[in-house]
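Chemist: the sequence isn't on hand, but the structure is:
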């Protein structure tokens, strides 16, 4: 009987530990009418993130606040654990960012790349790079995606 109680206790502790994990919170500033941004928000939710949306006509305010240049910008700007996420960045790259915690400002997928999360158009996918934005504003390739 004691062994059974010990195993049940262990299972309960492990289960509570997993259940107690909170999803990572992402705050997204997006324009009210942008369907692609809404698709990215849903994609992030479907990938286990707790997404808060600030629907605003002043997304430029956020780009200025987080020092996102015109060359690096997209339609929406997000923040997760102090990092800025600009545009249609895949969830796997955000998870990698949060795991590795590099000394950078954030990640960006400039523009509106067909085939990136939220920009799906059937099977069509363009090649694109996820860029890491360094503190000085310069960038390097964080991850590359091949098109078809």
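Modeler: Yes, it's here. In this text the structure is predicted, and so the values were computed from the model without any measurement.
Chemist: can we go C-alpha only for contacts and neighbour counts from here?
Modeler: Will do.
Chemist: so where's the chain uncertain?
Modeler: Applying pLDDT under 70 to the chain picks out residues 1-20.
Chemist: helices of that one, start to end?
Modeler: 2-19, 35-46, 59-65, 91-100 (DSSP state H).
Chemist: which residues touch residue 110?
Modeler: Neighbouring residues of residue 110 by CA atoms under 8 Å, 6 or more residues apart in numbering: 71-74, 86-87.
Chemist: of those, buried ones?
Modeler: 72-74, 86-87 (16 or more other CA atoms under 10 Å).
Chemist: dump these into TSV; add distance to residue 138 as well.
Modeler: TSV is the format used below for the buried ones among the contacts of residue 110 (distance: CA to CA, whole Å):
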residue	distance to residue 138
72	10
73	13
74	17
86	14
87	17
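Chemist: what's the closest of those to residue 101?
Modeler: The nearest member of these to residue 101, counting by CA to CA, is residue 86 at 16.9 Å.
Chemist: the closest one pairs with what?
Modeler: Bridge pairing for residue 86 (DSSP bridges) gives the partners residue 77, residue 108.
Chemist: just checking, it touches residue 76?
Modeler: Yes - at 6.3 Å, residue 86 counts as touching residue 76 under the criterion of CA atoms under 8 Å.
Chemist: between the two, what contacts are shared?
Modeler: With CA under 8 Å, 6+ apart, residue 86 and residue 76 have no common neighbours.
Chemist: so residue 85 sits against residue 98, correct?
Modeler: No - with contacts counted by CA under 8 Å, residue 85 stays clear of residue 98, the gap being 11.6 Å.
Chemist: the two: which has the busier surroundings?
Modeler: The neighbour comparison of residue 85 against residue 98 (other CA atoms under 10 Å) goes to residue 85, with 28 against 15.
Chemist: right, and the pair among the buried ones among the contacts of residue 110 with maximum separation?
Modeler: The most widely separated members of these, counting by CA to CA, are 72 and 87 (8.9 Å).
Chemist: picking that back up, which one of the buried ones among the contacts of residue 110 is nearest to residue 133?
Modeler: Checking the buried ones among the contacts of residue 110 one by one against residue 133 (CA to CA), the nearest turns out to be residue 72, at 8.8 Å.
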